[in-house]
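Visitor: got a predicted model here, sequence first, then my questions.
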Amino acid sequence: MREDSMDKQPAILVTGVNGQVGFELLRSLQGLGRVIGLDRAALDLSDLDRVREVVRATKPSIIVNPAAYTAVDKAESDEAMARRLNAETPGVLAEEAAKCGATLIHYSTDYVFDGTKDAPYAEDDATNPQNVYGRTKLEGEQGIAASGCAYLVLRTSWVYGRRGKNFLLTMLKLGAERPELRVVADQVGAPTWSRTIATATAHIAAQGLAARRDGNAQWWHERSGVFNLTAAGATSWHGFTQAILGIAMGDKAPNVLPIPASDYPVPAKRPANSRLAGDKLAQAFGLRLPMWDEALRLCLED
């Protein structure tokens with residue numbers, strides 16, 4: 001492709017490309033524009049002045065920000081850095097997006113809720129985060145909404161993949177080492193594959209870019225807001241573990257014993273119910289994500 005035609009392509013700026021979701025986004029977004037992927041070496045997201053410089057230099061049409069402080073328990077003792085990466089940096093990205101006319105796609109979490117609801121959470125349900133991670137992610141959502149930019153905040157849950165640090169890889173390692181595992185069974189949610197998140201994001205981005213090419217400059221603003229983006233269905237951490245090891249190890253899988261969360265104390269409190277309703281996403285973008293166990297099987301067979 002000639003350089004002049006490449007320059008006319010919309011620029012899509014992606015942060016945190018070495019993370020679970022960022023790695024997949026680099027692949028899923030190919031073909032939609034000129035994808036500019038930045039890892040921590042290229043952009044330290046804790047340096048807010050540098051963040052502003054990079055956005056102004058790249059002039060993106062879309063900023064996709066999967067980067068975050070995701071060490072939930074460590075955040076309890078490292079609140080300042082969690083707030084910088086989860087609240088202040090997204091706020092700066094949103095401010096810069098507003099100035100250059102870009103759309104910001106940002107990811108948030110089920111942890112903005114307290115988990116006491118008996119049904120899946122809708123986007124407009126009252127938030128009440130129970131840990132530092134959840135509070136700082138909610139602050140990030142609020143800063144983005146206040147910026148005036150076109151934005152999508154995509155709340156997801158229980159993210160896993162074949163790289164990085166996540167529950168799937170931990171259970172595969174422990175399952176190969178131990179004859180028995182004890183796993184929490186009284187917290188429920190939807191395990192969501194990082195590739196599913198990236199693919200859905202690319203579908204949304206493609207719709208927005210097509211609308212802009214067709215002259216609908218307000219498409220993103222008309223849809224700006226918070227959307228739940230998780231796999232369909234739900235299970236417990238115990239059920240997730242059984243599925244992981246059953247697919248990966250078959251008859252050689254260790255016994256998995258269910259335990260209450262109280263038997264596995266951690267610094268950060270987790271919600272008992274992390275289920276998120278997906279109706280709003282389907283209505284706005286025509287997307288319904290696959291069942292969590294179907295996506296898990298694809299991930300493990302990949």
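Guide: Happy to help now that I have it.
Visitor: please enumerate the helices of the stretch 201-302 of the chain.
Guide: Counting by DSSP state H, counting those that start in this stretch, residue ranges of the helices within the stretch 201-302 of the chain are 219-223, 237-249, 279-285, 292-301.
Visitor: output those as TSV; include the columns distance to residue 157 and mean neighbour count.
Guide: Yep, even glycine has a C-beta here, placed from its N, CA and C like the rest. Below are the helices of the stretch 201-302 of the chain laid out as TSV (distance: least, C-beta to C-beta, whole Å; neighbours: other C-beta atoms under 10 Å):
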stretch	distance to residue 157	mean neighbour count
helix 219-223	21	17
helix 237-249	11	20
helix 279-285	13	15
helix 292-301	10	18
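Visitor: and those as TSV, adding mean pLDDT and distance to residue 257?
Guide: Below are the helices of the stretch 201-302 of the chain laid out as TSV (pLDDT from 0 to 100; distance: least, C-beta to C-beta, whole Å):
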stretch	mean pLDDT	distance to residue 257
helix 219-223	97	45
helix 237-249	98	8
helix 279-285	97	35
helix 292-301	97	20
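Visitor: just send those helices back as CSV, with distance to residue 183 too.
Guide: As requested, those are exported to CSV (distance: least, C-beta to C-beta, whole Å):
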stretch, distance to residue 183
helix 219-223, 38
helix 237-249, 4
helix 279-285, 29
helix 292-301, 15
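Visitor: for those, which one sits closest to residue 209?
Guide: helix 219-223 (9.3 Å; C-beta to C-beta).
Visitor: which neighbouring elements make contact with that closest one?
Guide: strand 150-156, helix 194-213 (3 or more C-beta pairs under 8 Å, 6 or more residues apart in numbering; DSSP states H and E).
Visitor: again, only using 10 Å
Guide: strand 103-109, strand 150-156, helix 194-213, helix 279-285 (3 or more C-beta pairs under 10 Å, 6 or more residues apart in numbering; DSSP states H and E).
Visitor: distance check, the residue most central in space within the chain against residue 82.
Guide: Residue closest to the average C-alpha location in the chain (C-alpha atoms, centre = their mean): residue 107, at 4.4 Å. From residue 107 across to residue 82, the span is 15 Å (C-beta to C-beta, to the nearest Å).
Visitor: over to residue 147?
Guide: 20 Å.
Visitor: pick out whichever of those two has more residues nearby.
Guide: residue 82 (25 against 20; other C-beta atoms under 10 Å).
Visitor: pLDDT below threshold where in the chain?
Guide: 1-7 (pLDDT under 70).
Visitor: again, only this time at 90
Guide: Within the chain, the stretches with pLDDT under 90 are 1-8, 164, 217, 302.
Visitor: can you tell me the helix or strand for the residue nearest to residue 109 when sequence neighbours are not counted?
Guide: Sequence neighbours aside, residue 137 is the residue nearest to residue 109 in space, at 5.0 Å (criterion: C-beta to C-beta, 6 or more residues apart in numbering). Assignment of secondary structure by DSSP states H and E places residue 137 within helix 132-147.
Visitor: buried ones in that helix, by neighbour count?
Guide: For helix 132-147, the neighbour count (16 or more other C-beta atoms under 10 Å) marks 132-141, 143-144, 147 as buried.
Visitor: let's have those residues in a markdown table, adding distance to residue 172.
Guide: What follows is the buried residues of helix 132-147, written out as a markdown table (distance: C-beta to C-beta, whole Å):
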| residue | distance to residue 172 |
| --- | --- |
| 132 | 28 |
| 133 | 24 |
| 134 | 27 |
| 135 | 31 |
| 136 | 29 |
| 137 | 27 |
| 138 | 32 |
| 139 | 34 |
| 140 | 31 |
| 141 | 32 |
| 143 | 37 |
| 144 | 35 |
| 147 | 40 |
